[in-house]
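*Asks:* Can you look at this prediction? I've put the sequence above it.
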Amino acid sequence: MTRTIHVVGAGLVGPLMAIYLAKKGFTVELHERRGDMRKNSVDAGRSINLAITSRGWRSLQEVGLKEKVSAISIPMRGRMVHDAQGNTNLQPYGQTDAEVIYAASRSLLNVMLLDAAETYKNLKINFGARCTGYDPDKSLLQFDGKDIPAEVVIAADGAWSPVRKSLMSRIENFNYSQSFLEYGYKELEIPPAADGAFRIEKHALHIWPRKNYMMIALPNTEGSFTCTLFYPNQGKDSFAQLQTPQEVTEFFTRDFPDAVPHMPGMVGDFFGNPTGALVTVKCGPWNLSGKAVLIGDAAHAIVPFFAQGMNSGFEDCAVLNSLIDSTNPDWESVFTRFTALRKPNADAIADMAVENFTEMRDSVTDPVFLLKKKVGFELEKRWPGKFIPRYSMVIFHPDIPYAEAQRRGAIQDKILEKLCAGISAPEQVNWDEAEKLVKQIA
Ligand SMILES: Cc1cc2nc3c(=O)[nH]c(=O)nc-3n(C[C@H](O)[C@H](O)[C@H](O)COP(=O)(O)OP(=O)(O)OC[C@H]3O[C@@H](n4cnc5c(N)ncnc54)[C@H](O)[C@@H]3O)c2cc1C
């Protein structure tokens with residue numbers, strides 16, 4: 001029969017992986033550094049809320065959690081763009097009622113995953129267990145103060161994974177890169193109105209794009225919004241320049257005038273909340289034979305501008321689960337195939353996420369970008385399945401791997417460039433030429 005599978009990290013991805021394994025009948029131990037967030041108020045992670053999209057939903061459905069999580073999620077139909085004068089304009093994400101994304105509280109989601117994990121008798125969660133590394137020669141998972149035997153380890157221990165550090169020192173030619181954006185992020189709050197209502201449109205992801213930087217806001221079920229300011233760390237217009245309450249107030253009043261009346265705790269939030277870093281981690285190989293494998297942020301930390309960090313981590317769990325074909329699998333084959341399948345997709349979404357920052361903070365106000373967006377939707381309407389906007393492929397089409405979305409997206413972008421050159425409205429597109437170009441997409 002099967003050995004115990006050790007999953008390290010009970011953030012968002014670890015418990016989901018543990019549930020998949022427990023469902024398959026494995027004995028699972030899930031080790032988490034923090035205390036039990038359901039008993040103590042511990043920090044749940046890096047953002048207060050986040051967006052769930054189709055790849056995440058697919059995995060949640062597979063483990064039977066889709067309905068529960070839906071009940072704590074708010075559909076967002078598009079980007080509500082706020083200009084410098086406070087005018088707003090909704091840019092839909094997709095073309096059908098189903099093409100929406102969902103905001104959910106990170107901590108509620110984490111609690112639901114932990115609760116669901118605990119319903120399995122063959123799954124044990126060890127809180128307060130800080131892993132310090134993995135010794136593959138002795139098959140020992142190392143913790144503060146004690147080592148435990150562990151022949152199969154799945155590491156979901158986040159962007160600064162200690163298990164990854166151990167693999168790095170043991171695997172010859174292990175590639176590793178980390179690259180930080182020259183930006184940080186800060187979370188602030190728009191609380192509910194006095195009567196509990198949402199102060200701004202509930203069913204949208206709000207963006208205040210300001211070319212080099214931006215603020216966004218996602219709704220929470222109790223009527224508030226979590227705002228996130230993405231801002232350069234240094235230089236003119238940067239966090240370094242915002243040192244006093246007056247500087248903060250002047251900056252927000254100048255750049256986000258329509259948001260300020262809704263943010264009574266703005267200055268307190270600004271100085272009370274930490275400034276987060278934005279990092280991309282690429283590495284590989286993700287596995288050491290059949291002994292250990294990395295998933296989620298431990299394998300591929302990405303910046304949040306395509307809202308795919310957790311979603312891609314959830315997709316990792318589904319893919320890994322699909323490769324485990326018995327209760328006594330050949331783990332080396334499973335982990336090696338997993339790495340080969342997922343790595344190109346992780347690299348693709350990492351790069352697309354960085355690109356999307358420019359789209360969100362700048363392009364969404366550019367008339368050429370908006371024209372291309374409209375023409376892209378029209379091409380999809382006329383030739384469904386043949387032309388699918390890149391955003392839609394990533395967000396609404398989990399059957400299209402990220403790397404394929406990136407490849408087709410590049411071809412489609414050239415088509416859009418051609419069709420939109422010298423025109424100012426979709427009605428002016430040469431549809432005969434469009435048909436010829438779209439039908440050539442392979
Ligand atoms: C501002 C921001 C917004 C985001 N928005 C979105 C979004 O909208 N949609 C989306 O899909 N993604 C989003 N993400 C990305 C998402 O947060 C991550 O991709 C996701 O949390 C990764 O899950 P994980 O379980 O792999 O890692 P984590 O959530 O980091 O969990 C790792 C777990 O391992 C534990 N751990 C760490 N070290 C040890 C140790 N030594 N021993 C034991 N346990 C350990 C940690 O305590 C933690 O519980 C966002 C990220 C940021 C920063």
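*Replies:* Okay, I see it. Here the structure is a predicted model, which is why all the values come from computation and not from measurement. Numbers count the residues shown, from 1 in each chain.

*Asks:* from here on, contacts and neighbour counts on C-alpha atoms
*Replies:* Fine.

*Asks:* Would you list the phi and psi of the closest residue to residue 92 other than its chain neighbours?
*Replies:* Excluding its sequence neighbours, the residue lying closest to residue 92 (C-alpha to C-alpha, 6 or more residues apart in numbering) is residue 78, at 4.0 Å. When read as degrees, to the nearest 10, the backbone of residue 78 gives phi -170, psi -170.

*Asks:* Residue 78: neighbour count?
*Replies:* 19 (other C-alpha atoms under 10 Å).

*Asks:* and what of residue 436?
*Replies:* By other C-alpha under 10 Å, neighbour count at residue 436 equals 10.

*Asks:* Secondary structure element holding it?
*Replies:* helix 431-439 (DSSP states H and E).

*Asks:* before we move on, the earlier item: let me know whether the residue nearest to residue 92 touches residue 91 as I believe.
*Replies:* Yes: Residue 78 is within contact range of residue 91, at 5.3 Å (criterion: C-alpha atoms under 8 Å).

*Asks:* Check which helices and strands the helix holding residue 436 sits against.
*Replies:* Under the contact definition 3 or more C-alpha pairs under 8 Å, 6 or more residues apart in numbering; DSSP states H and E, helix 431-439 sits against helix 402-420.

*Asks:* Report the backbone C-alpha coordinates of the helix it packs on in PDB.
*Replies:* Provided in PDB are the C-alpha atoms of helix 402-420 (Å, rounded to 0.1, in the frame of the first residue of the first chain):
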ATOM      1  CA  TYR A 402      -1.100  29.300 -20.800                       C
ATOM      2  CA  ALA A 403       1.700  28.700 -23.300                       C
ATOM      3  CA  GLU A 404      -0.700  28.100 -26.100                       C
ATOM      4  CA  ALA A 405      -2.700  31.300 -25.100                       C
ATOM      5  CA  GLN A 406       0.600  33.200 -25.300                       C
ATOM      6  CA  ARG A 407       1.500  31.800 -28.700                       C
ATOM      7  CA  ARG A 408      -1.900  32.400 -30.200                       C
ATOM      8  CA  GLY A 409      -2.100  35.700 -28.500                       C
ATOM      9  CA  ALA A 410       1.000  36.900 -30.300                       C
ATOM     10  CA  ILE A 411      -0.300  35.900 -33.700                       C
ATOM     11  CA  GLN A 412      -3.700  37.500 -33.000                       C
ATOM     12  CA  ASP A 413      -2.100  40.700 -31.900                       C
ATOM     13  CA  LYS A 414      -0.300  41.000 -35.300                       C
ATOM     14  CA  ILE A 415      -3.700  40.500 -36.900                       C
ATOM     15  CA  LEU A 416      -5.300  43.200 -34.800                       C
ATOM     16  CA  GLU A 417      -2.400  45.600 -35.600                       C
ATOM     17  CA  LYS A 418      -3.000  45.100 -39.300                       C
ATOM     18  CA  LEU A 419      -6.800  45.400 -39.100                       C
ATOM     19  CA  CYS A 420      -6.700  48.500 -36.900                       C
END
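
*Asks:* Start and end of stretch 55-71, how far apart?
*Replies:* Terminal residues of stretch 55-71 lie 18 Å apart, using C-alpha to C-alpha, to the nearest Å.

*Asks:* List the contacts of residue 12.
*Replies:* Contact analysis of residue 12 by C-alpha atoms under 8 Å, 6 or more residues apart in numbering lists 109, 110, 113, 310.

*Asks:* cutoff 7 Å now
*Replies:* Neighbouring residues of residue 12 by C-alpha atoms under 7 Å, 6 or more residues apart in numbering: residue 110.

*Asks:* How about the one 3 residues further on?
*Replies:* Contacts were defined as C-alpha under 7 Å, 6+ apart; by that measure residue 15 touches 113, 114, 117.

*Asks:* Mind checking what secondary structure it has?
*Replies:* Per DSSP: H, G, I helix; E, B strand; the rest coil, the secondary structure class of residue 15 is helix.

*Asks:* Check the spacing between it and residue 74 real quick.
*Replies:* Taking C-alpha to C-alpha as the measure, residue 15 falls 23 Å from residue 74.

*Asks:* before we move on, back to that, give the buried residues for the helix holding residue 436.
*Replies:* Residues 434, 437, 438 are the ones in helix 431-439 that count as buried (16 or more other C-alpha atoms under 10 Å).

*Asks:* check contacts around the last one.
*Replies:* Just to be clear, that refers to residue 438. Residue 438 touches 386, 387, counting by C-alpha under 7 Å, 6+ apart.

*Asks:* on that earlier part again, nearest to residue 191, out of the contacts of residue 15: which one, please.
*Replies:* Using C-alpha to C-alpha, residue 113 comes nearest to residue 191 of the contacts of residue 15, at 26.6 Å.

*Asks:* so the closest one is in which element?
*Replies:* helix 106-118.

*Asks:* Could I get the average pLDDT for that helix?
*Replies:* For helix 106-118, the mean per-residue pLDDT is 97.

*Asks:* name the helices or strands packed onto whichever helix or strand comes after that helix?
*Replies:* For helix 106-118, the following helix or strand on the C-terminal side (DSSP H and E) is strand 123-126. Where contact means 3 or more C-alpha pairs under 7 Å, 6 or more residues apart in numbering; DSSP states H and E, strand 123-126 is packed against strand 28-31.

*Asks:* And the nearest residue to residue 277 once chain neighbours are set aside, how far from residue 240?
*Replies:* Nearest non-adjacent residue to residue 277, counting by C-alpha to C-alpha, 6+ apart: residue 184, 4.9 Å away. From residue 184 across to residue 240, the span is 11 Å (C-alpha to C-alpha).

*Asks:* For the two, work out which one has more neighbours and name it.
*Replies:* Comparing residue 184 with residue 240 by other C-alpha under 10 Å, the one with more neighbours is residue 184, at 21 against 12.

*Asks:* Please name the residues that touch that one.
*Replies:* Per C-alpha under 7 Å, 6+ apart, neighbours of residue 184: 230, 231, 232, 233, 275, 276, 277, 278.

*Asks:* hmm, try it at 6 Å
*Replies:* 230, 231, 233, 275, 276, 277 (C-alpha atoms under 6 Å, 6 or more residues apart in numbering).

*Asks:* Please apply the same query to residue 364.
*Replies:* Contacts of residue 364 by C-alpha under 6 Å, 6+ apart: none found.

*Asks:* Can you tell me how far it is from residue 370?
*Replies:* Taking C-alpha to C-alpha, one finds residue 364 at 7 Å from residue 370.

*Asks:* Kindly report the same for residue 227.
*Replies:* For residue 227 relative to residue 370 (C-alpha to C-alpha), the value is 24 Å.

*Asks:* Of the two, which one has the most company?
*Replies:* residue 227 (24 against 15).
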